[in-house]
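[1] here is my input, please return the structure:
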Amino acid sequence: MNTNTLNFNQALFLTSASKLSQCPEDEGAEVAFAGRSNAGKSSAINTLTGIKKLARTSKTPGRTQLLNFFSLTEQQRLVDLPGYGFAKVPIELKLRWQKSMDKYLRQRRSLKGLVLVMDIRRPLQEFDRMMLDWAQAREMPVHILLTKADKFKRGPGKSQLLSVRKQLADAGCEATVQLFSSLKKDGIKDLCRVLNGWLALEPTALDDE
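    A predicted model of the protein is given here:
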């Protein structure tokens, strides 16, 4: 296995897609970021890469309706999935979103893991559990970011982390969990460690020589 460490600061916008057929070639490895529209998903991607406007952020929930792909190398990518979860979104759009996400999560062979972004103050909402069910059905690893951890002091933040881990264990879910703060840039190293593991490519025959 290739153990080279990725440089996330070299991330570049690749393309946007509204459906699976518009996505980049299904080869190499990619990791998708999912989360409710106000969970801080795009901010987490921007913090990870150190590029402020790489992933679009908006004060209007649900603004991002496309799958946005960012290249790290020719064979490794990050994907910003559409935010979801607000009652203002029409039911037709919700159903279309569910169908699109279900097809992407089930059929995308290059998808190696799912980073599920949750506001630490409101973890494991209905959407989050739905995404966990999707991932479990496909036997895909999940890493949870409890974002906006700066809203809690260290003690309460740690307690919330342990509470989420216990709820996952009680539900038989093997997802890993960490605290993350885009404001204070806390948790980046832990996230990078997970992503480097998931995005590692199998060595080619040429690499072995």
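[2] CA atoms for contacts and neighbours, from now on please.
    Fine.
[3] helices and strands around the top strand by length along the chain, which ones?
    Counting residues, the longest strand found in the chain (DSSP state E) is strand 111-119. Where contact means 3 or more Cα pairs under 8 Å, 6 or more residues apart in numbering; DSSP states H and E, strand 111-119 is packed against strand 29-35, helix 126-137, strand 142-147, helix 188-199.
[4] would you reformat these as JSON lines and include mean neighbour count and distance to residue 95?
    Converted to JSON lines, the helices and strands packed on strand 111-119 look like this (neighbours: other Cα atoms under 10 Å; distance: least, Cα to Cα, whole Å):
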{"stretch": "strand 29-35", "mean neighbour count": "23", "distance to residue 95": "17"}
{"stretch": "helix 126-137", "mean neighbour count": "16", "distance to residue 95": "13"}
{"stretch": "strand 142-147", "mean neighbour count": "25", "distance to residue 95": "23"}
{"stretch": "helix 188-199", "mean neighbour count": "17", "distance to residue 95": "30"}
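[5] okay if I get the ones you listed as JSON lines plus distance to residue 172 and mean pLDDT?
    Shown next, in JSON lines, are the helices and strands packed on strand 111-119 (distance: least, Cα to Cα, whole Å; pLDDT from 0 to 100):
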{"stretch": "strand 29-35", "distance to residue 172": "21", "mean pLDDT": "96"}
{"stretch": "helix 126-137", "distance to residue 172": "10", "mean pLDDT": "90"}
{"stretch": "strand 142-147", "distance to residue 172": "13", "mean pLDDT": "98"}
{"stretch": "helix 188-199", "distance to residue 172": "21", "mean pLDDT": "97"}
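[6] of all the ones you listed, which lies closest to residue 7?
    Residue 7 lies closest to helix 188-199 among the helices and strands packed on strand 111-119, at 9.4 Å (Cα to Cα).
[7] quick check: angle from that closest one to strand 29-35?
    130 degrees (axes from the mean of the first three to the mean of the last three Cα atoms, to 10 degrees).
[8] name the residues that touch helix 188-199?
    3, 5-6, 29-31, 47-48, 76, 112-113, 143, 178, 180 (Cα atoms under 8 Å, 6 or more residues apart in numbering).
[9] I'd like the average pLDDT over the longest strand of the chain.
    Averaged across strand 111-119, pLDDT comes to 97.
[10] what residue ranges in this protein score low on pLDDT?
    Counting by pLDDT under 70, the chain shows low-confidence ranges at 1-4, 57-64, 85-89, 203-209.
[11] ranges for the helices of it?
    In the chain, the segments counted as helices under DSSP state H are 41-49, 91-107, 126-137, 154-170, 188-199, 205-208.
[12] dump these to TSV, plus distance to residue 56.
    Converted to TSV, the helices of the chain look like this (distance: least, Cα to Cα, whole Å):
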stretch	distance to residue 56
helix 41-49	6
helix 91-107	18
helix 126-137	21
helix 154-170	27
helix 188-199	19
helix 205-208	37
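[13] residue contacts, the spatially most central residue of the chain?
    With distances taken as Cα atoms, centre = their mean, the residue of the chain nearest its centroid is residue 33 (1.7 Å). The neighbours of residue 33, taking Cα under 8 Å, 6+ apart as the test, are 41, 78-81, 114-117.
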